[in-house]
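1. sequence and predicted structure below; questions after.
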Protein chains: 2
Amino acid sequence: MLDQRNIADLNIDDVREAHARIKPYIHETPILTSSYFNELTGAELFFKCENFQKAGAFKVRGASNAVFGLSDEMARKGVATHSSGNHALSLSYAAGRRGIPCHVVMPRTAPEAKKAAVRGYGGIITECDPSTTSREAVFAEVQEVTGAEFVHPYNDPRVICGQATCSLEMLSQIDDMDAVIAPIGGGGMISGTCLTLSGLAPKVEIYAAEPDQADDAARSFRAGHIIADDAPDTIADGLKVPLKENTWHFVSHFVTDVLTASEQEIIDAMKLTWERMKIVMEPSCAVPMATILRNPEVFRGKRVGVVITGGNVDLNKLPWMKG
Amino acid sequence: MLDQRNIADLNIDDVREAHARIKPYIHETPILTSSYFNELTGAELFFKCENFQKAGAFKVRGASNAVFGLSDEMARKGVATHSSGNHALSLSYAAGRRGIPCHVVMPRTAPEAKKAAVRGYGGIITECDPSTTSREAVFAEVQEVTGAEFVHPYNDPRVICGQATCSLEMLSQIDDMDAVIAPIGGGGMISGTCLTLSGLAPKVEIYAAEPDQADDAARSFRAGHIIADDAPDTIADGLKVPLKENTWHFVSHFVTDVLTASEQEIIDAMKLTWERMKIVMEPSCAVPMATILRNPEVFRGKRVGVVITGGNVDLNKLPWMKG
C-alpha cells in the first residue's frame, strides 16, 4: 500500500497513477503570463494558478489522492486530520466527493470563517484547546472513536504524490522550463515538484521560497538537517509549519536553493500581483515573486514556472489596507 | 475602408480578419468555471476572463484592430481618443506596440492613478476641463495639430469588430452555449457579441446587463430608440456612457433582453466572485452575475458564457471596505 511505501521508492509512476485517480475531482488549472512581470524580472514567468483549484488551493490534489486511494473498507470509516487551513478544506471537499466522513480537529480559537468554510465542504469539526498537547489528545480520541484514516497535511506519501501532479501538468503546459519556484512551508508542494521533476526533467532547477521570518527550510537546507522554528510569525501564514522526514527527503536531495523575502517584500509582491495579474491569491503565494524580485540574477533569461498555491484570503483584511 | 463601411454590412469575415490582425497583440484569455456558482444559479456558467487581457480589459481587442488596420501613412500621425478608462489604456498599449503616438484627452480632474497608467503605456495626455464643451474643443485642437486618427471607445466599426473576437474565441472554447451575458455601457462588447453570434450561432441568446442606476440601455431597448441618461451615478463606472447609433443597431436587432441590478447586488456579486473565483475584476464585471442571481429562471439549465470584461480596480478602495 502506498502509505507504507518507503518515501525513497516513490517514482513517476506513482505520480501518473495519482493523476489518473484524482483527475475527475480537480481542475487542470491554467497558466497565466504577464509581459509586465517578464520585463520587471528579465525572466519568462509562467504562473500555474492553483488559486483557481477546487477548494481554492493545490492541497486538494494530495487530499483527493489520499481519499480516493483508500479501499472501500477503509473509506467507510472516513478520514481525519488536524488543520485550520487549506488542507482541512481540501480533505473535506475530497471526502464529500467520495461520500465519506471527514473529521477535522481544530483549535476552538480558530476564526469562525475558517470553521464555516470547512463545514461548508461537509467537514465535521471537533474543537480542541490551542495547544499541541490538547490537539494530540483530542485527535487520538477522534481516531479511536471513528477509526478514521489519518491524512497528514504534507508528511504523507499519498499527499506528496498528489501534489506532484501539479508539476506533471506544468510540464505539459510549459515548453522548455528552466526552473520551478514554489513556496515552502511543510514542504508538500516542493516535495511533489521534486518527485515529478527528478523523474521526468531532472535538469529543471527547483527553488523553494519562504519568509525571512519563517526561514526554517532555508536554515535546514544549509545545515543539512531539519531545524524547526519555534512559533514563527509571518503574514504568509500557510508557511509557518516545519519540514518533516518525508518532505526533508526531497528538499535535501533535489532542491536547488531556498530563497527568502521580508514581510514588506511579500506584501508588495502580493499587491503588485493582484494589480497586474488580476488574481486573488494568498500572501504565501507572493513569496516566490518576492524572492525573484530580490534575486533577479538567479532567474534572468530563464523560463520559470511559478506556483500560485492558493486563493483563500479574507477580503475584509487585506495586508495593504490600514485598519 | 472598414471605418467607412455601413455598420449593417459588417459580417463574420470582418471579425475573422480582425482576429487574425490582432492575435499577436492580445491574449486568448482562459475560461474559468465554478461549481459553487453553478450550484448557486442552477446554470452552467463559463467565465471568459478578459480581466486577464493585455492592458487589463477586452477593450484592447477593438483598440488593436483599429491601430493595426491603419495604413502606414495614416498610422504615422498616430491615434487619438477621449477616455479616462480602459479604452485610453488599451489604445495607448496598441499604439505602443505599433510604435506610433497615442493622444488621450482627459479631464484634469481624472485620478492621478489613471493618468499614470495611461502614461505607463506610452499615451500622451492633453488635459481638458471636466465638461463636454471643453473636451470637444481640446480634442478638436489635438486632432487639428496632430492629424491623428480618432478611435471612438465604442461607436466605431473597427472597435466593434475587434470586440467581436471575444465571442469568436468563446465559441471555440465552450461547447453548445445557450446564452452569452455581458455588461452594457456604450455597447461595444455587446455589439461585437451580436456581430459574431448572429453570423455563426444565431440561436445563442444574448443578454446585456447594466446597473438599475444607469439603465439607459434597458429603457432604450423597451422604447425602441436611444434614451441617454443624464449623468448616471453607479459604482459600475465603466457602464455610465450612452449607446450610440452603431451600437444601437446591434442592440436593437440582436439582443434578447437587457437585465438590471441594484448597487448592493452588484457589490455583493463582486465580492462573492472575488471570494469564490479568486479573480480581481471591476464592479462593471459583477453586473452580469448580479442580474443572473436576480433572474435565475432566465438562466436555469442553460450553458451561459459570462464575459468578465476587465480587472483594472483600485485595490486601496474596494467597495466593501468601510472608510
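-> Sure thing, it's come through.
2. residue contacts, the residue of the stretch 51-200 of chain A found nearest chain B?
-> The minimum distance from the stretch 51-200 of chain A to chain B, using CB to the nearest CB, falls at residue A:51 (4.4 Å). (Each C-beta comes from the backbone N, C-alpha and C, glycine too.) Shown in contact with residue A:51 (CB atoms under 8 Å, 6 or more residues apart in numbering or on different chains): A:57, A:279, A:280, A:281, A:282, A:285, A:308, A:309, A:310, A:311, B:278.
3. rerun at 10 Å
-> Taking CB atoms under 10 Å, 6 or more residues apart in numbering or on different chains as the criterion, residue A:51 is in contact with A:29, A:57-58, A:279-282, A:285, A:307-313, B:277-279.
4. skipping adjacent residues, who's closest to the closest residue to chain B within the stretch 151-300 of chain A in space?
-> The stretch 151-300 of chain A approaches chain B most closely through residue A:278 (3.3 Å), counting by CB to the nearest CB. Excluding the flanking residues, the one nearest residue A:278 by CB to CB, 6 or more residues apart in numbering or on different chains is residue B:311, at 3.3 Å.
5. just give me the neighbour total for the one you found.
-> Residues within reach of residue B:311, counting by other CB atoms under 10 Å in any protein chain shown, total 24.
6. what of residue A:210?
-> Look at residue A:210: counted by other CB under 10 Å, it has 30 neighbours.
7. that one against residue A:283, yeah?
-> No. In terms of CB atoms under 10 Å, residue A:210 does not count as a neighbour of residue A:283; the distance is 11.9 Å.
8. which neighbours do those two share?
-> What both residue A:210 and residue A:283 touch, as defined by CB under 10 Å, 6+ apart, is the set A:183, A:234, A:236, A:239, A:266.
9. contacting residues for the fourth one?
-> Going back to what we said before, that points to residue A:239. By CB under 10 Å, 6+ apart, the residues touching residue A:239 are A:183-186, A:209-211, A:213-217, A:232, A:266, A:282-284, A:287, A:309.
10. is the lengthiest helix in chain A positioned near chain B?
-> Longest helix of chain A, by residue count under DSSP state H: helix A:157-173. No. Counting by CB under 10 Å from any CB of the partner chain, chain B is not contacted by helix A:157-173; separation bottoms out at 11.5 Å.
11. specify the angle between the helix or strand following that helix and helix A:157-173 in degrees.
-> Using DSSP states H and E, the next helix or strand after helix A:157-173 towards the C-terminus is strand A:179-183. Per axes from the mean of the first three to the mean of the last three CA atoms, to 10 degrees, the angle that strand A:179-183 makes with helix A:157-173 is 140 degrees.
12. point out where the stretch 151-300 of chain A drops to low pLDDT.
-> Along the stretch 151-300 of chain A, no part satisfies pLDDT under 70.
13. all helices of it, in order?
-> A:157-173, A:188-200, A:216-223, A:245-254, A:263-277, A:283-294, A:296-299 (DSSP state H, counting those that start in this stretch).
14. in the third one, what counts as buried?
-> Same thing as helix A:216-223. A:216, A:217, A:218, A:219, A:220, A:221 (16 or more other CB atoms under 10 Å in any protein chain shown).
15. please apply the same query to the longest one.
-> By 16+ other CB under 10 Å, the buried positions in helix A:157-173 come out as A:157-171.
16. then stretch A:10-30?
-> Of the residues in stretch A:10-30, A:10, A:12, A:14-16, A:18-19, A:21-22, A:25-27, A:29-30 count as buried by neighbour count, 16+ other CB under 10 Å.
17. if I pick residue A:90, what's in contact with it?
-> For residue A:90, the contacting residues are A:26, A:53-64, A:66-67, A:81, A:83, A:102, A:121, A:123, A:151, A:153, A:159, A:162, A:310, by CB under 10 Å, 6+ apart.
18. for the residue of the stretch 51-200 of chain A closest to chain B, helix, strand, or coil?
-> At residue A:51 the chain is in helix, as set by DSSP: H, G, I helix; E, B strand; the rest coil.
19. enumerate the residues of the stretch 101-250 of chain A near chain B.
-> Counting by CB under 10 Å from any CB, the stretch 101-250 of chain A sits next to chain B at residue A:120.
20. residue ranges of the strands in the stretch 51-200 of chain A, please?
-> For the stretch 51-200 of chain A, the strands defined by DSSP state E, counting those that start in this stretch cover A:79-82, A:102-107, A:124-128, A:149-150, A:179-183.
21. export these to TSV and tack on mean neighbour count?
-> As requested, those are exported to TSV (neighbours: other CB atoms under 10 Å in any protein chain shown):
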stretch	mean neighbour count
strand A:79-82	25
strand A:102-107	24
strand A:124-128	18
strand A:149-150	18
strand A:179-183	27
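22. any chance of those strands in CSV, with distance to residue B:190 too?
-> Compiled in CSV, these are given as follows (distance: least, CB to CB, whole Å):
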stretch, distance to residue B:190
strand A:79-82, 48
strand A:102-107, 45
strand A:124-128, 46
strand A:149-150, 53
strand A:179-183, 41
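23. and of these, who's closest to residue B:134?
-> Proximity to residue B:134 (CB to CB) singles out strand A:179-183 among these, at 50.5 Å.
24. OK, contacts around the residue positioned nearest the centre of chain A?
-> Residue closest to the mean C-alpha point of chain A, counted by CA atoms, centre = their mean, is residue A:189 at 4.7 Å. Taking CB under 10 Å, 6+ apart, we find residue A:189 in contact with A:50, A:57-59, A:61-62, A:154, A:160, A:163-164, A:166-167, A:180, A:182-183, A:208, A:247, A:307, A:309-310.
25. then residue A:6?
-> Residues near residue A:6 by CB under 10 Å, 6+ apart: A:157, A:246, A:249.
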